[in-house]
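Engineer: From the sequence below, what's the structure:
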Amino acid sequence: MSKLAAIRSANAAFAAKGVADAVAVFVGGTSGIGQATMEAFTRNTVSPTIYFVGRNEAAAASITASLQRLNPSAKVTFLQSDISLLANAYSTASIIREKESAVNLLVVSPGYMSMAGRTPTSEGLEKKLVINYYSRVLFAVALLPLLKNGSQNAELGARVLSVYAPGTEGPIIEDDMDLERNFSLGQAARQAAAFQSLSFEHLAKVHPAIGFIHALPGAVVTGLFRELPLWARLFVPLFSVVSTPLEDCGQGMLRLATDQKFKTGLALVDWKGDDKDTRHGKRSWLGKAGWWKDGLPEKVWTHTEEVFQRVLGKKI
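Structural biologist: As a prediction, this is how the structure comes out:
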């Protein structure tokens with residue numbers, strides 16, 4: 001049986017269990033992998049409560065209607081937010097905290113593809129790092145009380161699934177974590193990936209009842225390619241030939257979100273569940289060796305908390 005066939009079979013078995021009343025939050029759910037994962041989750045659960053966060057209100061109305069056609073028992077709420085600002089991410093997470101007592105699944109997959117140089121936001125942070133790391137982990141921290149309650153669900157537990165780039169990590173610049181002096185597109189990508197894996201390693205140790213999954217989606221064509229220059233977009237048709245269909249990727253992400261072996265602890269994997277953990281010497285062709293060391297998860301976490309304190313004016 002192929003990996004994809006096995007994933008579909010496992011998802012069908014999960015759907016047959018009739019798991020009811022799960023609460024899921026999708027950040028970056030108005031397009032691409034986030035939307036595909038949300039559709040797979042909605043289709044395979046009973047009476048789920050779905051929150052999805054994005055900028056595109058027009059697209060959200062269509063998506064909401066589509067989700068409710070897929071599953072008339074679903075309760076779907078769209079929250080419009082530009083999460084390139086941490087203040088917006090925090091206020092959006094706070095809305096969910098006010099409405100719910102437990103969350104079983106948090107999927108963070110916001111996308112931003114640009115070939116521009118360092119782009120500071122009005123909060124003084126580099127935009128790529130915010131969308132690919134800071135806002136993602138901010139949602140996880142802000143929703144931790146609800147995730148802890150959700151972990152008591154025997155079937156689903158509680159998981160945080162960040163769709164980004166395990167296996168592509170590179171050494172971080174420890175005296176310039178915000179890349180104010182040493183910015184490059186490659187360093188920003190590698191550093192955001194390393195931050196994600198390291199922070200999830202720390203959180204998995206501190207919160208052992210919750211699963212923290214950093215997942216590589218593989219080659220997937222999404223709307224992000226629209227943000228590239230024209231010359232780069234000319235390669236999209238060629239890329240599409242070898243890419244993973246969005247629906248297949250969504251099926252894979254659903255499997256990560258429901259497989260018992262990812263219910264707790266840290267997982268650095270691809271969309272098929274294959275290992276992408278390069279912390280201890282194993283090297284990916286996209287990443288660089290020697291990026292992990294003892295004490296670095298805690299150092300990255302201290303930096304992250306300092307950023308939240310500086311920008312939001314309070315400890316989360």
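
Engineer: Now do the contacts for the residue nearest the centre of the chain.
Structural biologist: Note on the chain: the residue nearest the mean C-alpha position is residue 162, at 2.3 Å, using Cα atoms, centre = their mean. For residue 162, the contact set (Cβ atoms under 8 Å, 6 or more residues apart in numbering) comprises 107-109, 136-137, 196, 200, 213-215. C-betas here are computed from N, CA, C, even on glycine.

Engineer: what's downstream of whatever helix or strand it lives in, the next helix or strand?
Structural biologist: Taking DSSP states H and E as the criterion, residue 162 maps to strand 159-163. Using DSSP H and E, the helix or strand that follows strand 159-163 in sequence is helix 185-206.

Engineer: residue ranges of the helices in the protein, please?
Structural biologist: For the chain, the helices identified by DSSP state H occupy 3-16, 32-43, 57-70, 86-99, 127-129, 135-142, 144-150, 185-206, 230-233, 236-242, 246-258, 296-312, in order along the chain.

Engineer: For the stretch 101-250 of the chain, give me the ranges with low pLDDT.
Structural biologist: Counting by pLDDT under 70, the stretch 101-250 of the chain contains low-confidence residues at 113, 219-243.

Engineer: repeat that with 80
Structural biologist: Low-confidence segments of the stretch 101-250 of the chain, defined by pLDDT under 80: 111-115, 218-244.

Engineer: rewinding a little: between the strand holding residue 162 and helix 135-142, how big is the angle?
Structural biologist: Taking axes from the mean of the first three to the mean of the last three Cα atoms, to 10 degrees, one finds that strand 159-163 is oriented at 170 degrees with respect to helix 135-142.

Engineer: Direction included, what does strand 159-163 pair against?
Structural biologist: Based on DSSP bridges, the strands next to strand 159-163 in the sheet, each with its direction, are strand 105-108 (parallel), strand 211-216 (parallel).

Engineer: follow-up on the earlier one: any chance of the helices of the chain in CSV with distance to residue 269 and mean neighbour count as columns?
Structural biologist: Below are those laid out as CSV (distance: least, Cβ to Cβ, whole Å; neighbours: other Cβ atoms under 10 Å):
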stretch, distance to residue 269, mean neighbour count
helix 3-16, 12, 15
helix 32-43, 14, 25
helix 57-70, 26, 14
helix 86-99, 25, 18
helix 127-129, 23, 21
helix 135-142, 17, 24
helix 144-150, 19, 20
helix 185-206, 11, 21
helix 230-233, 28, 10
helix 236-242, 21, 11
helix 246-258, 7, 24
helix 296-312, 18, 17
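
Engineer: For those, give me TSV that also has distance to residue 78.
Structural biologist: As requested, those are arranged in TSV below (distance: least, Cβ to Cβ, whole Å):
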stretch	distance to residue 78
helix 3-16	24
helix 32-43	11
helix 57-70	4
helix 86-99	11
helix 127-129	23
helix 135-142	16
helix 144-150	19
helix 185-206	25
helix 230-233	28
helix 236-242	28
helix 246-258	18
helix 296-312	24
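
Engineer: returning to that earlier point: buried deepest among the strands paired with strand 159-163, which one?
Structural biologist: A comparison of the strands paired with strand 159-163 by mean neighbour count, using mean count of other Cβ atoms under 10 Å, puts strand 105-108 on top with a mean of 29.

Engineer: Name the residues that touch that strand?
Structural biologist: When contacts are defined by Cβ under 8 Å, 6+ apart, strand 105-108 is touched by residues 22-29, 34, 37-38, 41, 135-136, 139-140, 143, 147, 150, 156, 158-163, 253, 257.

Engineer: now stretch 81-92
Structural biologist: 27, 53-55, 79, 110, 112, 121-123, 125, 127, 130-131, 134-135, 138-139, 142, 307-308, 311-312, 316.

Engineer: okay, it in PDB with CA atoms only?
Structural biologist: What follows is stretch 81-92, C-alpha atoms only, in PDB (Å, rounded to 0.1, in the frame of the first residue of the first chain):
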ATOM      1  CA  SER A  81      -6.900  39.300  11.400                       C
ATOM      2  CA  ASP A  82      -3.600  40.500   9.900                       C
ATOM      3  CA  ILE A  83      -1.200  38.400  12.000                       C
ATOM      4  CA  SER A  84       1.900  40.100  10.700                       C
ATOM      5  CA  LEU A  85       1.300  42.200  13.800                       C
ATOM      6  CA  LEU A  86       1.700  40.300  17.200                       C
ATOM      7  CA  ALA A  87      -0.900  42.600  18.700                       C
ATOM      8  CA  ASN A  88      -3.500  41.300  16.200                       C
ATOM      9  CA  ALA A  89      -2.500  37.700  16.700                       C
ATOM     10  CA  TYR A  90      -2.900  38.100  20.500                       C
ATOM     11  CA  SER A  91      -6.200  39.800  20.300                       C
ATOM     12  CA  THR A  92      -7.600  37.100  17.900                       C
END
